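K.L.:
Build me a model:
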Amino acid sequence: MKSIRVRFAPSPTGPLHIGGIRTALYNYLLAKKYDGQFILRIEDTDQKRFVPGAVEYIREALEWSGIRPDEGYGYGGDKGPYKQSERQTVYRQYVQQLLDEGKAYYAFDTPGDLERLREKYQKQGKVFTYNHEVRHSLNNALSLSPEEVNAKLKSGEPYTVRFKIPEGKTLVLNDLIRGEITINTSELDDKVIMKSDGLPTYHLANIVDDHLMEITHVIRGEEWLPSLPLHILLYEAFGWEPPRFAHLPLILKPQGKGKLSKRDGAKGGFPVFPLAWTDPQTGETLSGYREEGYLPQAFINMLALLGWNPGDEREIFTIDELIDAFDLSHINKSGARFDPGKARWIQQQHFQRLPKAEMLEYVLPVLEEKTGLHLRGKKMREYVEKVLEMVRERLVFPADIWEWASFFFEAPKTFNPKAVKKQWKSQTPEMLSGLRNVLANIDPWEAGHIKEKVGAWIQEKELGFGKVLQPLRIALTGDLKGPDLFQTTELLGRDEVLKRIDFALEKLS
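P.N.:
Purely as a prediction, here's the structure:
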């Protein structure tokens, strides 16, 4: 079998939507499953929409996600250049071939000419289409004499080049996801394949590049499905064998109709981009999955399940497991609805599966930023390890460590008023003072021994565990939530525990 070669070919017109990353992921998975090559190509022929920084963003997003190209822009390879704006001479050669063979033609219609035609047709209740029915009556090489065409070209009159769609031909196309598609070419219009600025359109450039780069499979979004007949006709016009095509379903918004947009993310409080992006023109910053604390492996696991399933009940995958399970036949035809809650759940599953040492490396920067302390020394690192072991099951993101463990690093200065109202009663100060005396004399200071001594004292005083331990938790943590109270007490140390009890008695009595 011919070695599989796939490509991801984004346009640098802004941040990369998660739909784009999903397209890259599916291409990558197919290539890796069959020991093929995954190529990054930058399709920047639309210079008017080019956004500075977008190319760098694309590469960084792929690298962070773990979807590293084997060749392409910034990665080398012998089929370059891999940036379309650097391949203009290549495209001109193939455009000229189509012109010479009568499969394309010069069109001198101005934007104003075409707009007037659209308005004229609209008044008649029709839609203007530049096709076989009208092309011989418009301002192009099909209606002008060769002398007139040459004169226009020599004078520098602006022109585009249009592909001449064969008339009355039935195309039977095959999509690896959607199956057989039949269309008559008379329904198609003569698309521009070279613009007036001398740059090719997407249609021409991507066909030429895919052929020269020996692409075997084109996996792209379903918005390109209407272009498939044109692309197949271009392959036929050049006498080239086309790659196999697969058009992916849309990623839909969580509720309602339509595809997922950045407005849905802003409204729902979740990212729709892999990395944060600051618009160079407006200064607006959009959040990203990386900055929200998602693990790369959780991010791609979530993306993989948006439109694809393994054919069984599994939902949590490593990248190697995704590669092994991936099959284009298991991609759905219908759109995949994005579920922010499911994304968080997948993140939690991956975060909880991290080895202790790796999870520690994620939470250390969070704690250092919050506390201003250096926590990399042996003693402090061991302390953080013990804290993490106590709260790790509650964490979804690295930043959650502060919510669940801040009191291990900073004594509470305030107390949750709801917790105080619920558990701090008129007799609490006297009771907590008595408990303080018990704690001051416990030795050794170990969780099991502390629990034994405190329990014996509570029974002796006939107080009830909840009435004693809940106020103690408030004094130590500022709230009623947290890990095992006696392990917390041991880790904080006797002096710190007594100090916090004294502070709570002073503030709350």
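K.L.:
how about the helices of the stretch 151-300 of the chain, start to end?
P.N.:
Listed in chain order, the helices of the stretch 151-300 of the chain (DSSP state H, counting those that start in this stretch) span 202-212, 228-238, 262-268, 296-304.
K.L.:
Could you look over the ones you listed and pick the most buried one?
P.N.:
helix 296-304 (a mean of 24; mean count of other CB atoms under 10 Å). Placement of C-beta: from N, CA and C, glycine included.
K.L.:
Tell me which residues are up against the helix or strand just after it.
P.N.:
Using DSSP states H and E, the next helix or strand after helix 296-304 towards the C-terminus is helix 319-325. When contacts are defined by CB atoms under 8 Å, 6 or more residues apart in numbering, helix 319-325 is touched by residues 29, 32-33, 66, 297, 300-301, 304, 310-311, 314, 317.
K.L.:
can you redo those residues as a markdown table with pLDDT?
P.N.:
Formatted as a markdown table, these follow (pLDDT from 0 to 100):
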| residue | pLDDT |
| --- | --- |
| L29 | 98 |
| K32 | 98 |
| K33 | 97 |
| G66 | 97 |
| Q297 | 98 |
| I300 | 98 |
| N301 | 98 |
| A304 | 98 |
| P310 | 95 |
| G311 | 90 |
| R314 | 95 |
| F317 | 98 |
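K.L.:
farthest pair in those residues?
P.N.:
Pairwise distances across the contacts of helix 319-325 (CB to CB) peak at 23.3 Å, for the pair G66 and G311.
K.L.:
between the two, which one's more packed in?
P.N.:
For G66 versus G311, the count of surrounding residues by other CB atoms under 10 Å is larger for G66: 13 against 10.
K.L.:
how about low-confidence regions in this structure?
P.N.:
1 (pLDDT under 70).
K.L.:
ok, which stretches of it are strands?
P.N.:
5-8, 37-40, 71-72, 104-107, 160-163, 170-175, 179-184, 192-194, 217-221, 244-248, 251-252, 277-278, 285-286, 336-337 (DSSP state E).
K.L.:
Would you mind pulling the contact partners of the fourth one?
P.N.:
Okay, so that is strand 104-107. Residues outside strand 104-107 that contact it (CB under 8 Å, 6+ apart) are 95, 98-99, 130, 135, 138-142, 149, 152-153, 159-164, 192-193.
K.L.:
how about a cut-off of 7 Å?
P.N.:
Under the criterion CB atoms under 7 Å, 6 or more residues apart in numbering, residues 95, 98, 140-142, 149, 159-164, 193 lie in contact with strand 104-107.
K.L.:
same question, the second one
P.N.:
With CB under 7 Å, 6+ apart as the test, strand 37-40 has contacts from 5-8, 27-28, 31, 62, 69-73, 75, 82, 213.
K.L.:
who does that strand pair up with?
P.N.:
Next to strand 37-40 in the sheet, as set by DSSP bridges, lie strand 5-8 (parallel), strand 71-72 (parallel).
K.L.:
Could you pull out the buried residues of that strand?
P.N.:
37-40 (16 or more other CB atoms under 10 Å).
K.L.:
how about these, which pair is most distant?
P.N.:
Largest pairwise distance in those, by CB to CB, is 10.8 Å, between Q37 and L40.
K.L.:
Alpha carbons only: can I get stretch 124-139 in CSV?
P.N.:
Extracted C-alpha coordinates of stretch 124-139, given in CSV (Å, rounded to 0.1, in the frame of the first residue of the first chain):
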residue,chain,number,x,y,z
GLN,A,124,-35.9,39.4,-12.0
GLY,A,125,-36.1,37.1,-9.0
LYS,A,126,-33.1,35.1,-10.1
VAL,A,127,-29.5,34.4,-8.9
PHE,A,128,-26.6,35.3,-11.1
THR,A,129,-24.2,32.4,-11.6
TYR,A,130,-21.0,32.7,-13.7
ASN,A,131,-21.5,29.4,-15.6
HIS,A,132,-21.8,27.7,-19.0
GLU,A,133,-25.1,29.5,-19.6
VAL,A,134,-23.6,33.0,-19.4
ARG,A,135,-19.8,32.8,-19.8
HIS,A,136,-19.8,33.2,-23.6
SER,A,137,-21.6,36.6,-23.3
LEU,A,138,-19.4,38.2,-20.6
ASN,A,139,-16.1,40.1,-20.7
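K.L.:
residues of that stretch that come out buried?
P.N.:
128-130, 132, 135, 138-139.
K.L.:
Now tabulate those in TSV and tack on distance to E368.
P.N.:
Shown next, in TSV, are the buried residues of stretch 124-139 (distance: CB to CB, whole Å):
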residue	distance to E368
F128	64
T129	63
Y130	62
H132	69
R135	68
L138	68
N139	68
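K.L.:
ok, so of the residues you listed, who is nearest I207?
P.N.:
The shortest gap between I207 and any of the buried residues of stretch 124-139 belongs to Y130, at 19.5 Å (CB to CB).
K.L.:
I figured the closest one was touching K191, is that so?
P.N.:
No - counting by CB atoms under 7 Å, Y130 stays clear of K191, with 8.4 Å between them.
K.L.:
Tell me which stretches of the stretch 351-500 of the chain form helices.
P.N.:
Along the stretch 351-500 of the chain, the segments classed as helices by DSSP H, counting those that start in this stretch run 356-371, 378-391, 400-405, 417-423, 428-440, 447-461, 465-477, 485-492, 494-508.
K.L.:
Save the ones you listed as CSV, and put in distance to V208 too.
P.N.:
Listed next are the helices of the stretch 351-500 of the chain as CSV, based on distance: least, CB to CB, whole Å:
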stretch, distance to V208
helix 356-371, 45
helix 378-391, 54
helix 400-405, 50
helix 417-423, 67
helix 428-440, 78
helix 447-461, 70
helix 465-477, 65
helix 485-492, 65
helix 494-508, 70
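K.L.:
Can you lay out those as TSV showing distance to K333 and mean neighbour count?
P.N.:
Shown next, in TSV, are the helices of the stretch 351-500 of the chain (distance: least, CB to CB, whole Å; neighbours: other CB atoms under 10 Å):
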stretch	distance to K333	mean neighbour count
helix 356-371	38	15
helix 378-391	44	15
helix 400-405	38	19
helix 417-423	50	14
helix 428-440	63	16
helix 447-461	57	15
helix 465-477	52	20
helix 485-492	53	20
helix 494-508	60	16
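K.L.:
Identify whichever of these lies nearest to L199.
P.N.:
helix 356-371 (44.6 Å).
K.L.:
and the closest one, how far out from the chain's middle?
P.N.:
24 Å (CA atoms, centre = their mean, to the nearest Å).
K.L.:
quick one, it and helix 378-391 angle?
P.N.:
100 degrees (axes from the mean of the first three to the mean of the last three CA atoms, to 10 degrees).
K.L.:
Using CSV, list the CA coordinates for helix 356-371.
P.N.:
The C-alpha trace of helix 356-371 is given here as CSV (Å, rounded to 0.1, in the frame of the first residue of the first chain):
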residue,chain,number,x,y,z
LYS,A,356,2.5,11.9,41.9
ALA,A,357,5.8,13.5,40.7
GLU,A,358,4.2,14.8,37.5
MET,A,359,1.1,16.2,39.3
LEU,A,360,3.5,17.9,41.7
GLU,A,361,5.2,19.7,38.8
TYR,A,362,1.8,21.1,37.7
VAL,A,363,0.8,22.4,41.2
LEU,A,364,4.1,23.8,42.3
PRO,A,365,4.0,26.9,40.1
VAL,A,366,0.4,27.6,41.2
LEU,A,367,1.5,27.5,44.9
GLU,A,368,4.6,29.6,44.3
GLU,A,369,2.6,32.3,42.5
LYS,A,370,0.0,32.4,45.3
THR,A,371,2.3,32.3,48.2
